[in-house]
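Novice: I need the structure of the sequence given here:
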Amino acid sequence: MLGDNTTIMMAASGALIPAGMRRLLAYVVKNRFVDVLVLSGSVIFHDLHETLGRHHFQAHPNMTDAELESAQINRMWDLLASEEEYHEAEEWVVVLPANWIRRGPIRAVSSSSPRPRAG
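Specialist: Numbering: from 1, shown residues only. As a prediction, the model looks like this:
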């Protein structure tokens, strides 16, 4: 069993959010199975993209890069997203740090609720 002073960390990278893992990541954090998530920039960006109401789509294996480029669609592995929507999300990312700087330092939020115990 884990001691009371144990911190559980989970690292993740890749196209987890477009692949449908968003709710699972939220579940493990909300239910205190994980204390810290360490995520790659792509995971965070994909989550932001969907938070802004955008979507990712499954690519068909026969789609060519030329077809996708002419339709202004970005391919990430076997996932697709609108190039215009990605640019909108990128613009949002540029504005976000400026807002943080104006508001001052971000303070950590901690929860005093205990982690669920297995058993």
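Novice: quick check: longest helix in this protein by residues?
Specialist: In the chain, taking DSSP state H as the definition, the longest helix is helix 83-103.
Novice: what comes up buried for it?
Specialist: 85-86, 89 (16 or more other CB atoms under 10 Å). Glycine gets a C-beta too; all of them are placed from N, C-alpha and C.
Novice: I'd assumed residue 85 was in contact with residue 72.
Specialist: No: checked against CB atoms under 8 Å, the pair residue 72 and residue 85 is beyond contact range at 9.7 Å.
Novice: just checking, residue 36 touches residue 7?
Specialist: Yes: under the criterion of CB under 8 Å, residue 36 makes contact with residue 7 at 6.4 Å.
Novice: where do the strands sit along this protein?
Specialist: Using DSSP state E, the strands of the chain run over 9-12, 36-39, 57-58, 73-76, 79-82.
Novice: could you identify which of the ones you listed is most buried?
Specialist: Neighbour counts (mean count of other CB atoms under 10 Å) averaged over each of those peak at strand 79-82, with a mean of 18.
Novice: neighbouring strands of it in the sheet, and parallel or not?
Specialist: When pairing is defined by DSSP bridges, strand 79-82 lines up against strand 57-58 (antiparallel), strand 73-76 (antiparallel).
Novice: average pLDDT across that strand?
Specialist: For strand 79-82, mean pLDDT rounds to 90.
Novice: equivalent analysis for stretch 100-119, please.
Specialist: pLDDT averaged over stretch 100-119 gives 61.
Novice: just to revisit the earlier point, go through the buried residues of helix 83-103 and say which is closest to residue 11.
Specialist: Residue 11 lies nearest to residue 89 out of the buried residues of helix 83-103, by CB to CB, at 23.1 Å.
Novice: contacting residues for the nearest residue to the closest one once chain neighbours are set aside?
Specialist: Using CB to CB, 6 or more residues apart in numbering and skipping the chain neighbours, the partner closest in space to residue 89 is residue 49 (4.9 Å). By CB atoms under 8 Å, 6 or more residues apart in numbering, the contact list for residue 49 reads 17, 56, 81, 85-86, 89.
Novice: what would those look like in CSV with distance to residue 97?
Specialist: Formatted as CSV, these follow (distance: CB to CB, whole Å):
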residue, distance to residue 97
17, 21
56, 25
81, 23
85, 21
86, 18
89, 14
